[in-house]
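Engineer: A structural model of the following input is requested.
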Amino acid sequence: MGTSKIRVDGIVDVSIIVLSHCENPAKNEAIDFLEEVLIGNIKAIIPVSSFIGAYHIMTRYLRIDPEEVAKELCDTLTLRVEEAFYEGLSVDTAIEAIMTAQKYNVEG
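Structural biologist: Numbering: from 1, shown residues only. Predicted structure coming up:
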(Lines give C-alpha, C1' and ligand atoms only; values in the text may rest on other atoms or scores of the structure.)
Protein backbone atom coordinates (compact mmCIF):
# COMPACT_ATOMS: atom_id res chain seq x y z
CA MET A 1 0.00 0.00 0.00
CA GLY A 2 1.29 3.43 -0.89
CA THR A 3 0.83 6.60 1.02
CA SER A 4 -0.85 9.55 -0.58
CA LYS A 5 0.93 12.87 -0.55
CA ILE A 6 -0.70 16.24 -0.72
CA ARG A 7 1.28 19.17 -2.05
CA VAL A 8 0.75 22.41 -0.23
CA ASP A 9 2.43 25.74 -0.69
CA GLY A 10 2.01 26.92 2.88
CA ILE A 11 0.46 26.74 6.30
CA VAL A 12 -2.08 29.29 7.48
CA ASP A 13 -0.80 30.82 10.69
CA VAL A 14 -2.93 31.73 13.69
CA SER A 15 -2.55 35.41 12.78
CA ILE A 16 -4.66 34.96 9.63
CA ILE A 17 -7.35 33.26 11.70
CA VAL A 18 -7.33 36.18 14.16
CA LEU A 19 -7.34 38.88 11.46
CA SER A 20 -10.22 37.24 9.61
CA HIS A 21 -12.40 36.90 12.72
CA CYS A 22 -12.26 40.35 14.35
CA GLU A 23 -12.59 43.97 13.34
CA ASN A 24 -9.31 45.42 12.06
CA PRO A 25 -8.03 47.24 8.94
CA ALA A 26 -6.84 43.98 7.32
CA LYS A 27 -10.01 41.95 7.97
CA ASN A 28 -11.31 41.93 4.38
CA GLU A 29 -7.94 40.87 2.96
CA ALA A 30 -7.61 38.14 5.59
CA ILE A 31 -11.13 36.87 4.84
CA ASP A 32 -10.41 36.85 1.10
CA PHE A 33 -7.19 34.90 1.67
CA LEU A 34 -8.87 32.41 4.01
CA GLU A 35 -11.70 31.93 1.53
CA GLU A 36 -9.21 31.18 -1.25
CA VAL A 37 -7.60 28.53 0.96
CA LEU A 38 -10.94 27.00 1.92
CA ILE A 39 -12.15 26.72 -1.68
CA GLY A 40 -8.82 25.32 -2.82
CA ASN A 41 -7.53 28.16 -4.99
CA ILE A 42 -4.56 28.54 -2.65
CA LYS A 43 -2.94 25.24 -1.75
CA ALA A 44 -2.37 25.66 1.97
CA ILE A 45 -3.44 23.88 5.11
CA ILE A 46 -4.95 25.31 8.25
CA PRO A 47 -4.02 23.51 11.47
CA VAL A 48 -7.24 23.06 13.43
CA SER A 49 -5.28 23.87 16.60
CA SER A 50 -4.76 27.41 15.22
CA PHE A 51 -8.37 28.15 16.06
CA ILE A 52 -7.72 27.47 19.75
CA GLY A 53 -4.71 29.77 19.66
CA ALA A 54 -6.79 32.42 17.89
CA TYR A 55 -9.44 32.17 20.61
CA HIS A 56 -6.89 32.96 23.30
CA ILE A 57 -5.27 35.81 21.40
CA MET A 58 -8.63 37.38 20.65
CA THR A 59 -10.02 37.06 24.17
CA ARG A 60 -6.94 37.55 26.35
CA TYR A 61 -4.92 40.09 24.40
CA LEU A 62 -7.43 41.82 22.12
CA ARG A 63 -10.13 41.62 24.83
CA ILE A 64 -12.93 40.66 22.45
CA ASP A 65 -16.06 39.17 23.99
CA PRO A 66 -15.40 35.41 24.51
CA GLU A 67 -18.93 34.42 23.49
CA GLU A 68 -18.64 36.31 20.20
CA VAL A 69 -15.17 34.88 19.51
CA ALA A 70 -16.26 31.31 20.26
CA LYS A 71 -19.26 31.62 17.93
CA GLU A 72 -17.23 33.07 15.04
CA LEU A 73 -14.41 30.52 15.29
CA CYS A 74 -16.74 27.54 15.75
CA ASP A 75 -18.83 28.67 12.77
CA THR A 76 -15.71 28.54 10.60
CA LEU A 77 -14.63 25.18 12.02
CA THR A 78 -18.03 23.66 11.27
CA LEU A 79 -17.34 24.17 7.56
CA ARG A 80 -15.15 21.03 7.96
CA VAL A 81 -13.18 21.58 4.76
CA GLU A 82 -11.17 18.36 4.70
CA GLU A 83 -8.81 19.57 1.98
CA ALA A 84 -7.83 22.66 3.97
CA PHE A 85 -8.03 21.64 7.63
CA TYR A 86 -5.09 19.73 9.05
CA GLU A 87 -6.58 17.66 11.82
CA GLY A 88 -3.69 16.88 14.14
CA LEU A 89 -6.55 17.74 16.47
CA SER A 90 -10.09 16.94 15.36
CA VAL A 91 -12.56 19.68 14.55
CA ASP A 92 -14.91 18.35 17.23
CA THR A 93 -12.15 18.47 19.87
CA ALA A 94 -11.23 22.02 18.87
CA ILE A 95 -14.85 23.15 19.08
CA GLU A 96 -15.19 21.49 22.48
CA ALA A 97 -11.97 23.16 23.70
CA ILE A 98 -13.11 26.60 22.53
CA MET A 99 -16.55 26.21 24.08
CA THR A 100 -15.07 24.95 27.36
CA ALA A 101 -12.57 27.83 27.44
CA GLN A 102 -15.41 30.29 26.85
CA LYS A 103 -17.71 28.73 29.45
CA TYR A 104 -15.14 28.43 32.25
CA ASN A 105 -12.79 31.29 31.26
CA VAL A 106 -9.79 28.95 31.02
CA GLU A 107 -7.09 28.06 28.51
CA GLY A 108 -8.22 25.58 25.83
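
Engineer: Where does pLDDT dip in the chain?
Structural biologist: Filtered on pLDDT under 70, the chain yields the residue ranges 1-5, 108.

Engineer: Grab the most central residue of it for me.
Structural biologist: Nearest to the mean C-alpha position of the chain, counting by Cα atoms, centre = their mean, stands residue 51 at 3.5 Å.

Engineer: Go ahead and confirm that residue touches residue 70.
Structural biologist: No - when contacts are counted by Cβ atoms under 8 Å, residue 51 is not listed as touching residue 70 (10.0 Å). (C-beta placed from N, C-alpha, C; glycine too.)

Engineer: overlap in contacts of the two?
Structural biologist: Shared contacts of residue 51 and residue 70, defined by Cβ atoms under 8 Å, 6 or more residues apart in numbering, are found at residue 98.

Engineer: Give the pairing partners of the strand ranked longest in the chain; include direction for each.
Structural biologist: With secondary structure taken from DSSP state E, the chain has its longest strand at strand 44-47. Take DSSP bridges as the rule and strand 44-47 pairs in its sheet with strand 10-11 (parallel), strand 85-86 (parallel).
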